[in-house]
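Engineer: sharing a model prediction with you, sequence too.
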Amino acid sequence: MIFPDYRPRRLRRNESFRRMIRETSLSVDHLIYPMFVVFGKGVRRPISSMPGIFQFSIDELIKEAREVLSLHIPAIMLFGIPDKKDDKASGAYDPNGIIQRAMKALKEKVPELIVIGDVCLCEYMSHGHCGIIQGNEVDNDATLELLARTALAQAKAGADMVAPSDMMDGRVAEIRQALDENGFEQIPIMAYSAKYASAFYGPFREAAESAPKFGDRKGYQMDPANFREAIREVTLDVEEGADIIMVKPALPYLDVICRVREEFDLPVAAYHVSGEYAMIKAAAKQGWLDEKKVLMESLLSIRRAGADLILTYFAKQAAVLMKAS
């Protein structure tokens, strides 16, 4: 078909035509809202590099979670900031740790909301890395036990899902075994399967107070230059028992999301990370772009690439916009 017999603009003439042939949809059901919880009471501490995002004490977290539920967002992801850190990340798997306390409160006060626990150790480590340090490197195998203990502690506290984000080799299998052996075979694992060592995480370091004290995370997170390696990483997680597979970040890695969607039939998640959020907010503040239109276009592009689920700090804002449209 060639012009003038075929004119693609015929089906773009009005909004009704455009709606009828729209290939990709975005709904509130696709969204997961990341949240940060701290010890204390009455705490709603703004994060300077992420306007509109806060660290919450548990009482304030409950209030925010009720608002999230009222917007019909189905799930939240919890990140905890302990009051003390050590070189064994003991706060991550302490039954009275911040995440475990928050999960118990959420399941009591807002039981309809899906609560996902981020399973990583960086927020709880005195050095800020994602595992046990031996010499100047993260010891992969020594870290696996702590990750499994963390996932199990979250399951016992009421987590509906656990999400290992550490990028240690073999951690999905270790966590699956720990959950199954302790009667939590029904708890799904959403694996950060292709998590890149990205500069787009900058604002998150402030929010989670998790910047490494030395070096970087390139020794365990993926090289941004690598594409084929992502398929190998996802394959391993699928074989080890992951129920959902994730690519992080989202917009700079749409090609990876697309390929993962083509290769695997499990649900695919994508994390629209702090730097992506902060850039849109900063440009909008300067009047350089339309925040509402850009955020919705960004989320739609992640869906178009193949993501079934999107973790995004824009979840609440997007839900309001979709409700109004």
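Structural biologist: Nice, I can see it.

Engineer: only C-alpha atoms for contact and neighbour calcs from this point on.
Structural biologist: Fine.

Engineer: what does stretch 18-35 rub up against?
Structural biologist: Residues from elsewhere that reach stretch 18-35 (Cα atoms under 8 Å, 6 or more residues apart in numbering): 11-12, 54-56, 72-79, 299-300, 303-304, 308-316, 318-319, 322.

Engineer: make a PyMOL selection of the buried ones in those.
Structural biologist: Selection of buried members from the contacts of stretch 18-35 for PyMOL, criterion 16 or more other Cα atoms under 10 Å:
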select buried, resi 54+55+56+72+73+74+75+76+77+78+79+299+300+303+304+308+309+310+311+312+313+314+315+316+318+319
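
Engineer: which of the contacts of stretch 18-35 fall in helices?
Structural biologist: Among those, the members falling in helices are 299-300, 303-304, 315-316, 318-319, 322 (criterion: DSSP state H).

Engineer: for the residues you listed, work out which two are farthest apart.
Structural biologist: Arg304 and Lys316 (20.3 Å; Cα to Cα).

Engineer: I'd like to know how far the nearest residue to Ile114 once chain neighbours are set aside sits from Leu254.
Structural biologist: Residue nearest to Ile114 in three dimensions, not counting chain neighbours: Ala75, with 4.4 Å by Cα to Cα, 6 or more residues apart in numbering. For Ala75, the distance to Leu254 equals 23 Å [Cα to Cα, to the nearest Å].

Engineer: same question for Met322.
Structural biologist: 23 Å.

Engineer: for Ala242, same thing?
Structural biologist: 21 Å.

Engineer: more crowded one of the two?
Structural biologist: Ala242 (26 against 21; other Cα atoms under 10 Å).

Engineer: ok, that one touching Gln177?
Structural biologist: No - if you go by Cα atoms under 8 Å, Ala242 and Gln177 don't touch, sitting 11.6 Å apart.

Engineer: show the average pLDDT along stretch 85-96.
Structural biologist: Averaging pLDDT along stretch 85-96 yields 94.

Engineer: give the buried residues for it.
Structural biologist: For stretch 85-96, by 16+ other Cα under 10 Å, it's 85, 87-95.

Engineer: pLDDT-wise, which helix or strand of the chain ranks last?
Structural biologist: helix 202-208 (a mean of 81; mean pLDDT, DSSP states H and E).

Engineer: which strands and helices sit next to the helix or strand just after that helix?
Structural biologist: Sequence order places helix 228-240 as the next helix or strand after helix 202-208, per DSSP states H and E. Under the contact criterion of 3 or more Cα pairs under 8 Å, 6 or more residues apart in numbering; DSSP states H and E, helix 228-240 touches helix 171-181, strand 190-195, strand 244-248, helix 254-263.

Engineer: try 7 Å
Structural biologist: Under the contact criterion of 3 or more Cα pairs under 7 Å, 6 or more residues apart in numbering; DSSP states H and E, helix 228-240 touches helix 171-181, strand 190-195.

Engineer: the shortest one versus strand 244-248: what angle between them?
Structural biologist: For strand 190-195 and strand 244-248, the angle between their directions (axes from the mean of the first three to the mean of the last three Cα atoms, to 10 degrees) works out to 40 degrees.

Engineer: isn't Phe54 right up against Arg44?
Structural biologist: Yes - Phe54 is within contact range of Arg44, at 5.9 Å (criterion: Cα atoms under 7 Å).

Engineer: contacting residues for Tyr124?
Structural biologist: Each residue near Tyr124 by Cα atoms under 7 Å, 6 or more residues apart in numbering is listed here: 82, 85-86, 89, 91-92.

Engineer: which residue is the nearest non-sequential neighbour of it?
Structural biologist: Nearest one to Tyr124, counting by Cα to Cα, 6+ apart, is Ala89 at 4.6 Å.

Engineer: could you measure that neighbour against Lys316, distance?
Structural biologist: Applying Cα to Cα to Ala89 and Lys316 gives a distance of 31 Å.

Engineer: kindly report the same for Lys195.
Structural biologist: 24 Å.

Engineer: for Val37, give me phi and psi.
Structural biologist: phi -120, psi 140 (degrees, to the nearest 10).

Engineer: point out where the stretch 201-325 of the chain drops to low pLDDT.
Structural biologist: 208 (pLDDT under 70).
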